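Peer 1: pasting the sequence and the predicted model now:
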Amino acid sequence: MSMNDNQIKLPAKYDAILRASREINFSMASDLQTGALLRTLVASKPAGHFLELGTGTGLSLAWIVNSMDNQSSVISIDNNPVFYSTAEQFWKDQQRVTLVNTDAGPWILENQGLSFDLIFADSWPGKYQLFEETWRLLKRGGIYLIDDMLPQPNWPSDHPENVARLIKDLERRDDLQLTKMNWSTGIILVTKTR
Ligand SMILES: C[S@@+](CC[C@H](N)C(=O)[O-])C[C@H]1O[C@@H](n2cnc3c(N)ncnc32)[C@H](O)[C@@H]1O
């Protein structure tokens, strides 16, 4: 038995998407630990409705879809046409998966009637912008997951302030429970309590 947390059974399509991602030099994918956590959390929501902000090339979708049951569905949004077309190659014909190639900011504002069991907020909108509007899309008991909260080599110089502000804002709220995990790229796991 090993506690090596990189020793993880990869989801279907993962290797193929990774190869396609390398071909277009996509380097922003979440790591294996985050993927495994995401997959585990998705499994806790049978018939769940999931939202991913920031599809990238569809690697994190592989983890999400891997543990969705037949009654579950996921919407995933990215505004980058190149990343989107890679994700599309792998996910466009999947009944339970809806890909949207648009700016997540307006999408969040235009879809305030929707509600989700889990939101993986992996783009600026939904995390550093429009947090309140994104939070409203989450059901009570729903999970909000963010990664890249520990300093990363690709952070712009002013980014630490954004991260610090988001953590402070989350910690001030009385409608959630959160766990900060100094693991992977730095994860905050949040559950909405009311
Ligand atoms: C960290 S990457 C996502 C990685 C992906 N979730 C994964 O783990 O493989 C962030 C993504 O957000 C997208 N993005 C940035 N700004 C956006 C916006 N305003 N609307 C939609 N997507 C955006 C980028 O194109 C990029 O693909």
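Peer 2: Sure, I can see it.
Peer 1: contacts, neighbours, all on C-alpha from now
Peer 2: OK.
Peer 1: so where is the protein shaky, pLDDT-wise?
Peer 2: Applying pLDDT under 70 to the chain flags residues 1.
Peer 1: which helix of it spans the most residues?
Peer 2: Among the segments of the chain that qualify as a helix by DSSP state H, the longest is helix 159-172.
Peer 1: just how off-centre is that helix within its chain?
Peer 2: 18 Å (Cα atoms, centre = their mean, to the nearest Å).
Peer 1: and it, C-alpha only, in PDB?
Peer 2: The C-alpha coordinates for helix 159-172 follow below in PDB (Å, rounded to 0.1, in the frame of the first residue of the first chain):
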ATOM      1  CA  HIS A 159      -1.800  38.200  -8.300                       C
ATOM      2  CA  PRO A 160      -0.900  37.600  -4.600                       C
ATOM      3  CA  GLU A 161      -3.200  40.500  -3.700                       C
ATOM      4  CA  ASN A 162      -6.100  38.900  -5.600                       C
ATOM      5  CA  VAL A 163      -5.500  35.600  -3.800                       C
ATOM      6  CA  ALA A 164      -5.200  37.200  -0.400                       C
ATOM      7  CA  ARG A 165      -8.400  39.200  -1.000                       C
ATOM      8  CA  LEU A 166     -10.400  36.200  -2.100                       C
ATOM      9  CA  ILE A 167      -9.300  34.200   1.000                       C
ATOM     10  CA  LYS A 168     -10.100  37.100   3.300                       C
ATOM     11  CA  ASP A 169     -13.600  37.500   1.700                       C
ATOM     12  CA  LEU A 170     -14.300  33.800   2.000                       C
ATOM     13  CA  GLU A 171     -13.300  33.800   5.600                       C
ATOM     14  CA  ARG A 172     -15.500  36.700   6.500                       C
END
